[in-house]
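S.K.: Return a 3D structure for these sequence lines:
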Amino acid sequence: MKKIIYYIFIMITVTIIIPMLIVRGCNTVLDDVKPEGKAEKAQTKIKVYIKSEDRVEEMPLESYVKGVVAAEMPIDYEPEALKAQAVAARTYAYGRMINLYTVKDDKHCGAQVCTDFNHCQSWIKQDDIMKKWGSINALANWKKIETAVKETENILILYDNKPINPLFHTNSGGRTENAEDVWDGTETPYLKSVQSDGEEEDKGYKVVTAFKEKDIIDKIKVQYPDIKLNEDDLLSNFSIQELSEGGRVKTMKIGDVSLKGTDLRRILSLRSTNFKIEKGNKGELNITTIGFGHGVGMSQCGANYLAKNGGTFEEILKYYYKGVSLGKIKEQ
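M.R.: Here you go, the predicted model:
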């Protein structure tokens, strides 16, 4: 009898208990990061607010990622750079699908993400991007996008076993920014300043824009009606007070008002906060900007440079997002 009981115990251990321990020790991304009270199964579809059409569409997550990669990154970029963009786009979306990152107000009209690049990620329909590419290149280009997404299917970027908020931008100007230098009070361990080589190869790396002095004055006074300016010598009103670790304007003074570099960027719609202001033609100031975008997270130009030099998508992501790992969405 004891032998029979012993045999039953062994069988239960082998067939039930050990497999349970193995499964528990191999938790998937979804199991590890699932907020309390959420559904047990992974969402395979995402609700997207298509701003240009003022409507919400539900679509497969991987289809959405293809549209983001097509809209966000030039098609002539290296395959590994496109893969890095695909993983970043998927991680961004998934974090919002499971409510790790949410908006304060309903800018998405009930959806989880929108197609406004000023608020979320750019996205474009397959038909629209293929028309833009033209009939000769369209099929090959879309195949390139599909391959990048397929070869990274379900992969997410994780920090502390949770999907990160994978910010990215076009060109950092040679060094990315700390998140806390751009947005006060938002220090994030994986969004730290790193050197970003090869970006000067991009045609938009350095741009000089002429502004009429009157337009600058008018735009500044909209934001600061009581500002005191020497309008006869406008250039003399601008002084840089502090630079960020990434070499951008962190704080500055205009007349008698102190403000952040991000404030002036917003007021004048500058390409970046890495700028220099100089005298231009009569009645004008020239503002030279280096790079394009907020400068936090992955530089798309920098990612392409790393890919050109043999970097894999995983190496690219781990370079721009410090201390992260990669994992997969649980497949049900």
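S.K.: sec struct for residue 322, please.
M.R.: Classification of residue 322 by DSSP: H, G, I helix; E, B strand; the rest coil places it in coil.
S.K.: who does residue 259 bridge with?
M.R.: residue 252 (DSSP bridges).
S.K.: Run through the chain and note the low-pLDDT ranges.
M.R.: Within the chain, the segments meeting pLDDT under 70 span 1-43, 104-106, 331-332.
S.K.: Tell me where the stretch 51-200 of the chain has helices.
M.R.: 61-72, 79-97, 126-133, 138-150, 179-182 (DSSP state H, counting those that start in this stretch).
S.K.: Of the ones you listed, flag the one that's most buried.
M.R.: Stretch with highest mean neighbour count among the helices of the stretch 51-200 of the chain: helix 79-97 (a mean of 25; mean count of other CB atoms under 10 Å). Every residue, glycine included, has its C-beta placed from N, CA and C.
S.K.: got the angle for that one vs helix 138-150?
M.R.: Between the axes of helix 79-97 and helix 138-150, defined by axes from the mean of the first three to the mean of the last three CA atoms, to 10 degrees, the angle is 60 degrees.
S.K.: how far does helix 79-97 sit from the chain's center?
M.R.: Put simply, helix 79-97 sits 9 Å off its chain's centre (CA atoms, centre = their mean, to the nearest Å).
S.K.: Contact partners for the residue lying closest to residue 201 once chain neighbours are set aside?
M.R.: Using CB to CB, 6 or more residues apart in numbering and skipping the chain neighbours, the partner closest in space to residue 201 is residue 305 (7.0 Å). Contact analysis of residue 305 by CB atoms under 8 Å, 6 or more residues apart in numbering lists 196, 197, 198, 199, 201.
S.K.: ok so, going back, format the helices of the stretch 51-200 of the chain as CSV; extra columns: distance to residue 230.
M.R.: CSV is the format used below for these (distance: least, CB to CB, whole Å):
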stretch, distance to residue 230
helix 61-72, 42
helix 79-97, 45
helix 126-133, 47
helix 138-150, 52
helix 179-182, 29
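S.K.: which residues touch residue 224?
M.R.: Residue 224 neighbours (CB under 8 Å, 6+ apart): 254, 257, 259.
S.K.: which of the residues in the helix or strand residue 285 falls within are buried?
M.R.: Taking DSSP states H and E as the definition, residue 285 sits inside strand 284-290. Neighbour counts over strand 284-290 (16 or more other CB atoms under 10 Å) mark 284, 285, 287, 289, 290 as buried.
S.K.: what do you get for stretch 97-116?
M.R.: 97, 98, 108, 111, 112, 113, 114, 115, 116.
S.K.: Among these, name the ones in strands.
M.R.: If you go by DSSP state E, the buried residues of stretch 97-116 have 113, 114 in strands.
S.K.: quick one, what contacts residue 252?
M.R.: 238, 239, 240, 241, 258, 259, 260, 261, 264.
S.K.: could you flag which of those residues are buried?
M.R.: 238, 259, 260, 261, 264.
S.K.: Leaving out sequence neighbours, find the closest residue to the fourth one.
M.R.: Across the structure, with CB to CB, 6+ apart as the measure, the residue nearest residue 261 apart from its sequence neighbours is residue 249 (3.2 Å).
S.K.: since we're on that neighbour, how many residues are nearby?
M.R.: 25 (other CB atoms under 10 Å).
S.K.: distance of it from residue 116?
M.R.: 26 Å (CB to CB, to the nearest Å).
S.K.: How about residue 153?
M.R.: From residue 153 to residue 116 the distance is 26 Å (CB to CB).
S.K.: Would you mind splitting the protein into its domains for me?
M.R.: 45-202+294-328, 206-290 (automatic domain parsing).
S.K.: now the first one, how far from the chain's geometric center?
M.R.: With CA atoms, centre = their mean as the basis, domain 45-202+294-328 stands 5 Å off its chain's centre.
S.K.: Start and end of it, how far apart?
M.R.: One end of domain 45-202+294-328 to the other measures 16 Å (CA to CA, to the nearest Å).
S.K.: neighbours of the closest residue to residue 239 other than its chain neighbours, just the number please.
M.R.: Closest residue to residue 239 apart from its sequence neighbours, by CB to CB, 6+ apart: residue 253 at 4.9 Å. Residues lying near residue 253 (other CB under 10 Å) number 13.
S.K.: What of residue 161?
M.R.: Residue 161, neighbours per other CB under 10 Å, totals 12.
S.K.: Let me know the secondary structure of residue 318.
M.R.: Assignment for residue 318 (three-state DSSP): helix.
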